[in-house]
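Visitor: Here is a sequence together with a model predicted from it:
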Amino acid sequence: MHLVLFFIFGGLCVAGALNLLFQRHPINSALSLIVVMSSLAVLYLLLGAEFLAAAQVIVYSGAIMVLFTFVIMLLNAGREDRTHGSKAAYLVGIPGAAALFAMLVYIFLSYRTQLGGASIGNYLVTTTDLSKVLFRDLLLPFEVTSVLILVAVLGAVVLARKEH
Amino acid sequence: MVPIYYYLILSAILFSIGVGAFLIKRNIISVFMSIELMLNAVNLTFVAFAHRWHEVSGQIFVFFVMVVAAAEAAVGLAIIIAIFRTRATLDVDRIDLMKL
């Protein structure tokens, strides 16, 4: 059951990410990124992170991607054209990403015996557990992030404002 | 039961696709979206390790990454709007000057 769900939603993740890579229109990339993020939320649920699954749907595939699609439509972004720079990017990008992938997979496979397995219900972090750590041990970092958000909002307003 | 390294390899695949898209894409919004993809891949690794060692702090890390990603998306998209307003292009090859 767990394995089947993992392969369905992991496959959706990979398919969405590849679609993001190969689509030339940004709105198609944005929609496939929403597919990736929503399937990642299901994978979080499988790993027992119920709060993060909800936050992933609300924050990532909700708020952030709405912002992205809004900006794409606002700026009327069209298909990207192949320029001189894209050739060099292909020559460096694909082997570089493949080398990185090979290195990561080699490291993970060499430690696979120590890593063990995951099954549903084996380890569940409820919102209570998470908030106990977040609001007791990590209260200061949590409050600092609220300042960060405030600064980011002010910066966004200043940057996007029309200059007169 | 699913071995944890399946999750790690999935996140390695997503991260590598993100790196490839970051280098290949020419539209500045697509480049920005591939950064988000890389952040998501790392989040999956954090959650998988949190499951493996029964540690809540791994999930707390993901929570903070989400918060910072939201702030980053707001500021980054505002910068993209400002760039588009001054140069009327979204092509990263033509955005090569700090000041016009």
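Guide: Yes, it's here.
Visitor: which residues of the chain fall in strands?
Guide: The chain I'm using is chain A. Under the criterion DSSP state E, chain A contains strands at A:117-118.
Visitor: meant chain B actually
Guide: B:2-3.
Visitor: low-scoring stretches of it, by residue?
Guide: Regions of chain B meeting the criterion pLDDT under 70 are absent.
Visitor: let's see it at 80
Guide: Residue ranges of chain B with pLDDT under 80: B:98-100.
Visitor: Does stretch A:105-112 reach chain B?
Guide: Yes. Interface with chain B: stretch A:105-112 contributes A:105, A:108-109, A:111-112 (CB under 8 Å from any CB of the partner chain). For every residue, glycine as well, the C-beta is placed using N, CA and C.
Visitor: where's the closest residue to residue B:22 other than its chain neighbours relative to residue B:54, distance?
Guide: Of all residues not flanking residue B:22 in the chain, residue B:34 sits nearest, at 4.3 Å (CB to CB, 6 or more residues apart in numbering or on different chains). According to CB to CB, to the nearest Å, residue B:34 and residue B:54 sit 32 Å apart.
Visitor: neighbours of the residue nearest to residue B:22, just the number please.
Guide: 23 (other CB atoms under 10 Å in any protein chain shown).
Visitor: surely it meets residue B:26?
Guide: No. Counting by CB atoms under 8 Å, residue B:26 is not a contact partner of residue B:34; they are 11.7 Å apart.
Visitor: tell me the contacts of the residue nearest to residue B:22?
Guide: Going by CB atoms under 8 Å, 6 or more residues apart in numbering or on different chains, residue B:34 touches A:20, B:17-19, B:21-22, B:25.
Visitor: if we go to 10 Å?
Guide: A:17, A:20-21, A:29, A:33, B:17-25 (CB atoms under 10 Å, 6 or more residues apart in numbering or on different chains).
Visitor: Determine which two of the residues you listed are furthest apart.
Guide: By the measure CB to CB, A:33 and B:23 form the most distant pair in these, at 17.0 Å.
Visitor: So these two - more neighbours on which side?
Guide: Just comparing residue A:33 and residue B:23: by other CB under 10 Å the higher neighbour count belongs to residue A:33, 27 against 19.
Visitor: Tell me who's in contact with residue 24.
Guide: You didn't pick a chain, so chain A it is. Residue A:24 touches A:78-82, B:25-27, B:30, counting by CB under 10 Å, 6+ apart.
Visitor: You answered for a different chain; I wanted chain B.
Guide: Counted by CB under 10 Å, 6+ apart, residue B:24 has contacts A:21-22, A:86, A:89-90, A:92-94, A:97, B:30-31, B:34.
Visitor: In ChimeraX, select just the buried ones from those residues.
Guide: In ChimeraX syntax, the buried subset of these is picked out as below (16 or more other CB atoms under 10 Å in any protein chain shown):
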select /A:21,86,89,93,97 /B:30,31,34
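Visitor: nearest to residue B:80, of the contacts of residue B:24?
Guide: Taking those together and measuring to residue B:80 by CB to CB, the closest member is residue B:31, at 9.7 Å.
Visitor: picking up where we left off before, mind putting the contacts of residue B:34 into CSV with distance to residue A:11?
Guide: Shown next, in CSV, are the contacts of residue B:34 (distance: CB to CB, whole Å):
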residue, distance to residue A:11
A:17, 11
A:20, 15
A:21, 16
A:29, 19
A:33, 16
B:17, 13
B:18, 17
B:19, 20
B:20, 19
B:21, 18
B:22, 23
B:23, 24
B:24, 22
B:25, 23
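Visitor: Adjacent strands (with direction) for the least confident helix or strand in chain A by mean pLDDT?
Guide: Ranked by mean pLDDT, DSSP states H and E, the weakest helix or strand in chain A is strand A:117-118, scoring a mean of 80. According to DSSP bridges, strand A:117-118 forms sheet pairs with strand B:2-3 (antiparallel).
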